[in-house]
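J.: What follows is a predicted protein model with its sequence.
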Amino acid sequence: MNNGEKGRLFVISGPSGAGKSTLVARLLERLDNVYFSVSATTREPRHGETDGKDYFFVSHDKFREMIAGGELLEYAEYVGNYYGTPAGPCDEMLSRGRDVILDIETQGAAQVMKLRPDAISMFIFPKSFEQLEERLRLRKTDSEKKILARLAQARIECRRAEMYKYIIINDRVETAADEAEAVITAEKCRTVNRLHYLTGD
């Protein structure tokens, strides 16, 4: 039961190493009325991935049909495959009063903000570039060249941070989750979302 409140759309972005996935996982543990948007992709499923849970796996032709039909909130092509956010499941959840979280990169976020200007956007970043670099190196999954490329991309993405409504500093994940949860709570309490309680509409 949502007392007539419509859900809110939350966009979360940040560079590789900022801890977006961990932060989103914490939010999903804490909040019981939140839907995490599942992206569509044309790439093949990896071992252990499930259609509809990890991604909606579709053909290139089907994805192009989704683009032409205006079925995506945002999309991009990366290394020969398409990735995008289907609008249908998000809109269904929003109409039910559930909040929706998108974990997407900055270019996709810009597309969503243009289509849905009421979306609430958060940019996630650690306390410094030094900490970001340390996290990338501690992963021990990338070559030196790949790490430097990720850091260069991070600087590009940070130049787009001004388009976001909030910046969450992810030094400690629990503190960052506190901040992000506070944003979600505050946005739901905005007058425009609660006035119907007073008017009876």
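T.: Yes, it's here. Just so it is clear, the model here is predicted, and its values are computed rather than measured. Numbers count the residues shown, from 1 in each chain.

J.: Where do the helices of this protein begin and end?
T.: In the chain, the helices defined using DSSP state H lie at 20-30, 60-68, 87-95, 106-115, 129-139, 144-158, 173-188, 191-199.

J.: List the buried residues of the second one.
T.: Taking 16 or more other Cβ atoms under 10 Å as the neighbour-count basis, helix 60-68 is seen to contain the buried residues 63, 66. Every residue, glycine included, has its C-beta placed from N, CA and C.

J.: counting contacts, what elements does it pack onto?
T.: Helix 60-68 sits against strand 72-78, strand 81-86, with contacts defined as 3 or more Cβ pairs under 8 Å, 6 or more residues apart in numbering; DSSP states H and E.

J.: Out of those, which one sits most buried?
T.: Most buried of the helices and strands packed on helix 60-68 by mean neighbour count (mean count of other Cβ atoms under 10 Å) is strand 81-86; its value is a mean of 20.

J.: For that strand, what does the pLDDT average out to?
T.: Strand 81-86 shows a mean pLDDT of 93.

J.: Pull the residues that contact that strand.
T.: 37-43, 56, 60, 63, 66-67, 71-77, 102, 104, 108, 112 (Cβ atoms under 8 Å, 6 or more residues apart in numbering).
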